[in-house]
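Undergrad: heads up, no residue letters with this:
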């Protein structure tokens, strides 16, 4: 019986596109407060700080990184929305924050309270198991579950809990869904044997390459770059997915000049694999994926508006 909070969004295919804006002479009127919705020292935090470091070198802008964590990025969003909209305050979260999480929490916020700047990378979300289990495929794991083995499925967000529930339902098994804080906790749980399988969003790449971990399935609407033969959730009978992106936003009403300058500067850094930030994104997420401007606004609005679809499916 499912006992976790359930809500969600429908899948949305969006073409990746760069901002296309020309470099401007805009400069921030002061230091830029960079609010980071992820714990210090993690991959997302490192990404944000490396981007800020490169922008300071390239543009001469001053950044002040600040951790504002909790509630799936909503604490950061709530703090950011009341900041000045002149380009001196921006935040890094994930698109799930402004779609699924914001709608599910009914927190009095919507994507309209923010100015979308640009995404940096998409997730390589996989259903991952330790190689020590001896499961070489998703079917192997399901066979173990149907033979009576309890499968502990690690997730790091309510949306992923919904997907894990629906995945089990589609296969005629019931997973023991274990909610933890962050992808690193899922990885640690799998490596320690406390979790049998789990959703991981790129952090598994080194382990898979070394043969210590196995991508049993893709959590995306497309195959994983590292293991393209692993089935997608759609292949397994689930009509939803864990597509998502890291995204920079500012408060609503940011002037177009500031928005375009910040968006293009960030996109240029993450798309350059010779930078520390671009190199990290290449290794962890397969390369930059930049969505900016109207395409980003539509993506965020659509995910928010359609969040009830997954919630309803997961509540049945």
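TA: Everything's here; your move. Please read these numbers as outputs of a predicted model, since none were measured by experiment. Residues are numbered from 1 along each chain as shown.

Undergrad: Let me see the ranges of the helices in the stretch 201-316 of the chain.
TA: Listed from the start of the chain, the stretch 201-316 of the chain has helices (DSSP state H, counting those that start in this stretch) covering 205-210, 256-271, 276-285, 293-305, 307-314.

Undergrad: closest one to residue 130 among those helices?
TA: Nearest to residue 130 among these is helix 205-210; the distance by CB to CB comes to 8.3 Å. Glycine gets a C-beta too; all of them are placed from N, C-alpha and C.

Undergrad: who does the closest one touch, helix- and strand-wise?
TA: Other elements packing on helix 205-210 under the criterion 3 or more CB pairs under 8 Å, 6 or more residues apart in numbering; DSSP states H and E are strand 213-218.

Undergrad: rewinding a little: for the helices of the stretch 201-316 of the chain, which one ends up most surrounded?
TA: Burial of these is given as mean neighbour count (mean count of other CB atoms under 10 Å); helix 256-271 ranks first at a mean of 22.

Undergrad: From the contact counts, what lies against that helix?
TA: Using 3+ CB pairs under 8 Å, 6+ apart: helix 256-271 touches helix 43-59, strand 114-122, strand 245-251, helix 276-285.

Undergrad: ok, of these, where does mean pLDDT dip lowest?
TA: Mean pLDDT is lowest for helix 276-285 out of the helices and strands packed on helix 256-271, coming in at a mean of 92.

Undergrad: Run the angle between that helix and helix 256-271 for me.
TA: Per axes from the mean of the first three to the mean of the last three CA atoms, to 10 degrees, the angle that helix 276-285 makes with helix 256-271 is 60 degrees.

Undergrad: now helix 276-285, how far from the chain's geometric center?
TA: Put simply, helix 276-285 sits 15 Å off its chain's centre (CA atoms, centre = their mean, to the nearest Å).

Undergrad: Not counting its own residues, what contacts it?
TA: Around helix 276-285, the neighbours that count as contacts under CB atoms under 8 Å, 6 or more residues apart in numbering are 43, 46-47, 50-51, 53-54, 120-124, 202-203, 205, 269-273, 287-288.
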